[in-house]
Each structure stands twice: as C-alpha cells, then as structure tokens.
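# Need a 3D model of the following:
(one chain, ligands or ions: 1)
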Amino acid sequence: MAVRRKKSQEKRIAQERIETLFEMAEKEAMKKNWTRANRYVDLARTIGMRYNVTPGPDLRRKFCRGCGTFLLPSVTARIRVGGGKVVCTCLKCGRVTRYPHVRERRERRRGRERGSTGVRKTPEEAGVEDL
Ligand code: ZN
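Next up, the predicted model:
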C-alpha cells in the first residue's frame, strides 16, 4: 500500500523552503554572487512548481519571470512609480512587470474618505525602496 502523503504539510514545508531560498538569494545578491542568487531563485521556483505553491506576492516581485534573475533594485532591476503603478524593469532581459501600488492606493482612499484629494507621494515616502 502506498504511503499516504500529507499534502497540506508538504505544501507548508515547500512554502517555508521557498521563503528560505529567497532569503538566501537576497544575501547572495547583496554579495554580488549572482550565479548563486539566481540558482536559489531557480530552486525556489522548481519547488513551487512541484508542490503547486506560488511564492507570496512579496516574493513574486523579487525575481524576473522572464529570465529568473533575482531582482535587486538599482542593480538588476529598475523600479519606477507612476499612475498608481510600480513598473519594474529587469535589467538583464528587459522584461517589464507592472503591479498596482497598493500601499499608496490604500492611503489615497483613506484621504478621500476624509474629503481631501490625496497628495501623491514620492517613491521614497511610499516605501518603494523596500520592495
Ligand atoms: Zn529578466
């Protein structure tokens, strides 16, 4: 009889491994060990595919979906904010990823409730640097 696999447990472990791999990738990227950083990203994606778990929204922004490069702002990625969106360009393959600037939008909505027009923030104020 086949060993019963606990799927939910497997997924949780896979998720943890993915997170750890991204942390390691970030450390290696800081040290400019790009081969290692990208290898960790690659491993994280492989685990994700095998166990059908996707990296969380924060992690998904940390690598290029085109070439798998770990995206370190100003080094391998160019981050620009405009029109309520964050535009992330991979400097290796040129792939552009856009995603809504949730934090900024949430604050604007709050501002509207108070009756103000909501002042646009600079990327620094909006906390883009820690993406
Ligand atoms: Zn790329």
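
# could you list every residue that touches Val53?
11, 14-15, 18, 47 (Cβ atoms under 8 Å, 6 or more residues apart in numbering). Placement of C-beta: from N, CA and C, glycine included.

# Could you verify my assumption that Val41 touches Cys67?
No: the criterion here is Cβ atoms under 8 Å, and Val41 misses it with Cys67 at 9.9 Å.

# Looking at these two, which is more packed in?
Set side by side, Val41 and Cys67 show more neighbours around Val41, with 28 against 14, by other Cβ atoms under 10 Å.

# Now the more buried one: phi and psi?
Dihedral angles of Val41 (phi, psi; degrees, to the nearest 10) stand at phi -60, psi -40.

# can you pull the buried residues of stretch 13-33?
14-15, 17-18, 21-22, 24-26, 28-29 (16 or more other Cβ atoms under 10 Å).

# Give me the residues contacting it.
Outside stretch 13-33, the residues that reach it (Cβ under 8 Å, 6+ apart) are 34, 36-38, 40-41, 43-44, 47-48, 50-51, 53, 55-56, 59, 62-63, 70, 72, 75-76.
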